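>>> coords below, sequence missing:
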């Protein structure tokens, strides 16, 4: 008997619930289709500061919130090996300087003058001996000895000139090479002064004095002090709907209850394979009074809007194309724009038709 009473109570409850099934009529209103996106605020030109060299931070010249100009020194990095290389390059340049090697050239020049004098003298002796030989005076052997002496002194003279030219060329090469090496080490010394690449604001300094740095280590973050934009993540299924110039409605936790307008300014065409999303940038039409990098934002990108159209709540739609015109009778409708709460009805219903919410 108790079981029968429970069944009866359940039946009465079921009928009661069914009789209380929610219903509504289509209404005429405006509707907007949009794509949801989450993102962050970034300063225009924002970038991570890196060192191009290894070393130890010897000095930090700026503080967070400081305004800096392009080329302003931010940090100093020291490296003992670099300093020694610079000194060695300077010593090598001084050693290879042409002025410091003039004595070598002078010595060879004297050798050339001496060889030239000997060559001229041996040439005269050979010509005299040749004239005597033509007059029948002297021996063939004596003539040949004078001729050999002349040829040897001439060869020695030519060799001295070649050695002089070779040494002069080598000294000029060494001097220029040493100057170049010194210039290279000097230019590398400038790499140990980390400078700002833009006029902007220091938003973060991630290292302290005395810490090691490398080209893979971010040292600071710098960006524009007043101009900001948004980076939004768009799902791959929605990216084909996004175009530059589209209106964006932005809300942020920092400004509860307020909505700001922006426009799509850039679409990065490469998809992130890990997140299956695209990076899209948007700029504010009227920027909020205070913004900071990495503030979170939620955005609705307006794809299309229509005014004065027939709509129904989206949760009254069955299988995207049917509605309940009676509690258990379905009707096919043609839908248009959809947002998160309502859907446009193009065909199949009038403003006087009742529809029921699916259970």
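On my side now, so go ahead. Values in this document were obtained by computation on a predicted structure and should not be read as measured data.
>>> give me the nearest residue to the spatially most central residue of the chain, chain neighbours excluded.
Geometric centre of the chain, nearest residue: residue 47, 7.9 Å, by CA atoms, centre = their mean. Leaving out its chain neighbours, the residue that sits closest to residue 47 by CB to CB, 6 or more residues apart in numbering is residue 222, at 6.3 Å. Glycine gets a C-beta too; all of them are placed from N, C-alpha and C.
>>> got it, and residue 243?
Using CB to CB, 6+ apart, the closest residue to residue 243 is residue 264 (6.8 Å).
>>> wasn't that neighbour part of a strand?
Yes - assessed by DSSP: H, G, I helix; E, B strand; the rest coil, residue 264 belongs to a strand.
>>> how close does residue 218 sit to residue 48?
4 Å (CB to CB, to the nearest Å).
>>> actually residue 148, not the one I wrote
For residue 148, the distance to residue 48 equals 79 Å [CB to CB].
>>> confidence score at the closest residue to residue 334 other than its chain neighbours?
Closest residue to residue 334 apart from its sequence neighbours, by CB to CB, 6+ apart: residue 347 at 3.9 Å. What the model reports for residue 347 is a pLDDT of 92.
>>> for the closest residue in space to residue 354 that isn't next to it in sequence, the count of nearby residues, please.
Excluding the flanking residues, the one nearest residue 354 by CB to CB, 6+ apart is residue 23, at 5.1 Å. Neighbourhood size, residue 23 [other CB atoms under 10 Å]: 14.
>>> got the phi and psi for residue 23?
Here the main-chain torsion angles of residue 23 (degrees, to the nearest 10) amount to phi -140, psi 160.
>>> and if you look at the one 5 residues further on?
Recorded main-chain torsions at residue 28 are phi -100, psi 120, according to degrees, to the nearest 10.
>>> that one against residue 312, yeah?
No - using CB atoms under 8 Å, residue 28 is not in contact with residue 312, being 11.2 Å away.
>>> neighbour count: these two, which is higher?
A direct count of neighbours by other CB under 10 Å for residue 28 and residue 312 places residue 312 higher, at 22 against 10.
>>> dihedrals phi and psi, the residue of the chain positioned farthest from its centre?
In the chain, counting by CA atoms, centre = their mean, residue 136 sits farthest out from the average C-alpha position, at 92.6 Å. Dihedral pair for residue 136: phi 80, psi 20, per degrees, to the nearest 10.
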